[in-house]
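Peer 1: what's the 3D shape of this:
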Amino acid sequence: MGSSLSISFCAGSFCLTTPLDGNSTSYANGTIPGYDDGKCHLSPFDSHLSTVLTAFIGSIIAGVTAGFFVPFFTAWISWFASLRILLVALWEVCEVVRLRPVVGGEQFFNFWDHVPLLGRLVSGGGDFNSSFFRRSSGRVGKDEDGGQVTVLGWIGWLWATCYAPTTQTLWLVKNWTHPSGGLMIARGLGVAVAALPLTMDVKGRYGEALARLVGGWAHVAFSMFGTVSLLVLGALSATELVLGVVKGVVGTSYWVVAIYVVIMLLWTFGSFSFDAPTDEGFATKGFGKLLAGFAMGCFGGVFVAIPAFVMMMRSPHAPGLAVGDYLRSPHSVEGRLPTEDGKWYA
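Peer 2: Numbering: from 1, shown residues only. As a prediction, the model looks like this:
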């Protein structure tokens, strides 16, 4: 049986092992004929489908938990977001190693003002870091109605700092050499959907809420945890983009990469002017705002999932199983097992 990070379910002499990346299912009681040494795999088409859903669902979660503006902003920058994510993560690392809680705003711009070259890329956005511009984008202060700590805000934070880094890391470890370059690039762009909300709202008020409950150290610990998660997501996104290029997606057309880098620099500078990291969220209280966030999440999700969707439509349906067949776990009460043609015994 191949090695993988997995969750196991055993009953009697039969043991089912399901890797957390969702790409294959292994059977510890021997190899099932026609299933690649005991593993049944999703087809190339359905493997791409998981990347489409990751980006689309992530956008909806951002809209519902963080507000209407977040998936709109994410859709605008997600294709060129790796540099922004890494710059914000590096700034947060420098703050937390000095045991300072991350609060954003002027703290962010003051840090980059002292960094050669990169300071020019980032600090210009400080001219727009005023209450007028922040309010025009729908931000609300942490002491204003709609800007306080909310259950939805916690859900969004847990999604971005716990679920997304874990699943994305396991996927990359499992598929380091397997997918095509195009899928790697699509996956790298999709990672930004989870990471970008963390570069907009640092949620320092959530750390303050924890500090009031358990002590002042909790604020710094909260910042550290979020910083590590953001750094991991940024590194994953950049790594998958580089791997996609190395796998020859662009062939000898290196000018495509050069153009992408130039646009990414411009987009990064523009994004910090448009919306810098700060400790202010967007109102989500009320059915109307939730509905608007959901609608924009769906709209933005379509846009951010386009690269993966294009790759999916160009991929064959064989070899491998469709999602529906794959999800019919053979440890069900009927004890069904897959046949050689990918169907299932009753």
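
Peer 1: Tell me where the stretch 151-300 of the chain has strands.
Peer 2: Counting by DSSP state E, counting those that start in this stretch, the stretch 151-300 of the chain has strands at residues 281-282.

Peer 1: where does it have low pLDDT?
Peer 2: Scanning the stretch 151-300 of the chain for pLDDT under 70 picks out 178-179, 248-253.

Peer 1: hang on, Glu240 packs against Leu172?
Peer 2: Yes. Glu240 lies in contact with Leu172 (Cβ atoms under 8 Å); the separation is 6.6 Å. Just so you know, the C-beta spots here come from the backbone N, C-alpha and C atoms, and that holds for glycine as well.

Peer 1: neighbour count winner among the two?
Peer 2: The neighbour comparison of Glu240 against Leu172 (other Cβ atoms under 10 Å) goes to Glu240, with 27 against 20.

Peer 1: what's the closest non-adjacent residue to that one?
Peer 2: Sequence neighbours aside, Gly188 is the residue nearest to Glu240 in space, at 3.3 Å (criterion: Cβ to Cβ, 6 or more residues apart in numbering).

Peer 1: Surely the one you found is in contact with Ala235?
Peer 2: No. Counting by Cβ under 8 Å, Gly188 stays clear of Ala235, with 10.6 Å between them.

Peer 1: between these two, which one's more packed in?
Peer 2: The neighbour comparison of Gly188 against Ala235 (other Cβ under 10 Å) goes to Gly188, with 25 against 18.

Peer 1: From Phe309, how far out is that one?
Peer 2: Gly188 is 15 Å from Phe309, where distance means Cβ to Cβ, to the nearest Å.

Peer 1: ditto for Val151
Peer 2: Distance from Val151 to Phe309, by Cβ to Cβ: 32 Å.

Peer 1: Could you check which of those two has the larger neighbour count?
Peer 2: Set Val151 next to Phe309 and count neighbours by other Cβ under 10 Å: Phe309 wins out with 18 against 8.

Peer 1: Pull the contacting residues for the more buried one.
Peer 2: 48, 52 (Cβ atoms under 8 Å, 6 or more residues apart in numbering).

Peer 1: cool, and Tyr206?
Peer 2: Tyr206 makes contact with 149, 153-154, 157, 222, according to Cβ under 8 Å, 6+ apart.
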